[in-house]
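K.L.:
Pasting a predicted model and its sequence here:
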Amino acid sequence: MDRQILLDLVSKKMPFGKYKGKLLCDIPEDYLIWMHRKGFPEGKLGMWLSTLYEIRLNGLEDILRELKKINRPQ
């Protein structure tokens, strides 16, 4: 997995919808499941959301929690 993708998940915000302004890593699982069924958007956002979906699906959230702690703004 590309480290930059993981860093983006803990630093980029959702640009639209119900969770607009929330960090991607903080988007609830049920929303990701809904997006998976509907189809992820094109481009980087879709790649980030599908990666986040796979992380959650495989129980790897601890990776994001640790990165979020490390990358917290001072």
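P.N.:
Nice, thanks for sending it over.
K.L.:
which helices and strands does the helix or strand of the chain with the lowest mean pLDDT pack with?
P.N.:
Lowest on mean pLDDT, DSSP states H and E among the helices and strands of the chain sits helix 61-70, with a mean of 87. With contacts defined as 3 or more Cβ pairs under 8 Å, 6 or more residues apart in numbering; DSSP states H and E, helix 61-70 has these neighbours: helix 3-9, helix 43-57. In this view, the C-beta of every residue, glycine as well, is placed from N, C-alpha and C.
K.L.:
give me the low-pLDDT residue ranges for this structure?
P.N.:
Where the chain drops to pLDDT under 70, the residues are 1, 72-74.
K.L.:
does P41 sit in a helix or strand, and which one?
P.N.:
For P41, there is no enclosing helix or strand under DSSP states H and E.
K.L.:
Give the burial count for it, as a bare number.
P.N.:
P41: 16 surrounding residues under other Cβ atoms under 10 Å.
K.L.:
Surely it touches W48?
P.N.:
No - proximity of P41 to W48 does not meet the contact threshold set by Cβ atoms under 8 Å, at 9.7 Å.
K.L.:
rewinding a little: quick one: the least confident helix or strand of the chain to chain centroid distance?
P.N.:
Relative to its parent chain, helix 61-70 has a centroid offset of 12 Å by Cα atoms, centre = their mean, to the nearest Å.
K.L.:
residues contacting the nearest residue to S11 once chain neighbours are set aside?
P.N.:
Distance criterion Cβ to Cβ, 6 or more residues apart in numbering; nearest residue to S11, sequence neighbours excluded, is N71 at 6.1 Å. Counting by Cβ atoms under 8 Å, 6 or more residues apart in numbering, N71 makes contact with L7, V10, S11.
K.L.:
looking at those residues, which has the most residues close by?
P.N.:
Neighbour max across those (other Cβ under 10 Å) = V10, 20 neighbours.
K.L.:
got a list of contacts for the least confident helix or strand of the chain?
P.N.:
L6, L7, L9, V10, L23, C25, L52, I55.
K.L.:
List the buried residues in stretch 34-44.
P.N.:
M35, F40, P41 (16 or more other Cβ atoms under 10 Å).
K.L.:
Nice, that's everything, thank you.
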